[in-house]
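Chemist: Provide a 3D model corresponding to the input given below.
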Amino acid sequence: ISACEKGEQWQRALSLLSSMQLEAATPNQITYNAAISACEKSGQWQPALELLSLMQAEGVSPDQISYSAAISACEKGGQWQKALHVLGDMQRGNLQPNTITCNAAISALEKGGQWQQALHLLADAWKHSMQPTAVTYNAAISACEKGGQCQKALEILGEMASEEVHPTVITYNAAISA
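Modeler: Residues are numbered from 1 along each chain as shown. Reported below is the predicted structural model:
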């Protein structure tokens, strides 16, 4: 299933998962994560969310990887509302998002033009003792750019400097475009 993930063969990954179940082999967290990630790589948010539900129904607990991949699948599929719903489910399940989860959610909001919510998630990252990376900031600055919020984008760029996070070419391009 991991090979299917790397080859963006999400349908084959799902087929292998089904075959496993027919052969009475019990999929575990790693198996489900690989299948969800295969869906994520191809932007197949619906099967990714179905797998996330299925793993829970089968008594397999999702972890940060499961949720991050599902949120990223929603982001790639342009489903920012679904991404936020999955993030909420994660938190209700007493799992704290990590930087990768946060990056995926902010990227989903950026693609959906939801700059205010993206900035809210960036602020939440600090509250939850996450260390935002250049990727986190890039997504937030890009969200501001898409929302026509030049001043906010520049404020975030300044925040990066004060937090000693080094801007990238992507950071500057997004800030200039804002």
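Chemist: and T136, what does it touch?
Modeler: Contact analysis of T136 by C-beta atoms under 8 Å, 6 or more residues apart in numbering lists T99, C102, N103, I106, L122, A125. Placement of C-beta: from N, CA and C, glycine included.
Chemist: same question for the helix or strand where Q151 lies: list its buried residues.
Modeler: Here Q151 sits within helix 150-162, counting by DSSP states H and E. For helix 150-162, burial by neighbour count (16 or more other C-beta atoms under 10 Å) applies to K152, A153, I156, L157, E159, M160.
Chemist: any weak-confidence spans in this structure?
Modeler: Residue ranges of the chain with pLDDT under 70: 1-9, 22.
Chemist: which residues in it form helices?
Modeler: 2-6, 10-22, 29-41, 45-57, 64-76, 80-92, 99-111, 115-127, 134-146, 150-162, 169-177 (DSSP state H).
Chemist: identify, from the contacts of T136, the entry nearest to D89.
Modeler: Minimum distance to D89 across the contacts of T136 is 15.2 Å, recorded for C102 (C-beta to C-beta).
Chemist: tally of neighbours for that closest one?
Modeler: Close neighbours of C102, defined as other C-beta atoms under 10 Å, add up to 26.
Chemist: so it touches A125, yeah?
Modeler: Yes: contact status for C102 versus A125: in contact at 4.9 Å, counting by C-beta atoms under 8 Å.
Chemist: tell me who's in contact with H166.
Modeler: A134, M160.
Chemist: check the gap between it and G147 for me.
Modeler: 24 Å (C-beta to C-beta, to the nearest Å).
Chemist: what residue is smack in the middle of this structure?
Modeler: A104 (2.6 Å; C-alpha atoms, centre = their mean).
Chemist: so who does that residue touch?
Modeler: Residues in contact with A104, defined by C-beta under 8 Å, 6+ apart, are S68, I71, S72, E75, A83.
Chemist: do that again at 6 Å, thanks
Modeler: S68, I71, S72, E75 (C-beta atoms under 6 Å, 6 or more residues apart in numbering).
Chemist: from memory the second one sits against S107, does it?
Modeler: Translated: I71. No: using C-beta atoms under 6 Å, I71 is not in contact with S107, being 8.8 Å away.
Chemist: give me the distance between the residue of the chain most remote from its centre and L17.
Modeler: Computed with C-alpha atoms, centre = their mean, the residue of the chain farthest from its C-alpha average is E23, at 32.0 Å. Look at E23 and L17: by C-beta to C-beta, they are 11 Å apart.
Chemist: just S61 next, same as before
Modeler: Per C-beta to C-beta, S61 is found 17 Å from L17.
Chemist: same check on M130?
Modeler: Computed as C-beta to C-beta, the M130 to L17 distance reads 31 Å.
Chemist: likewise G148?
Modeler: 43 Å.
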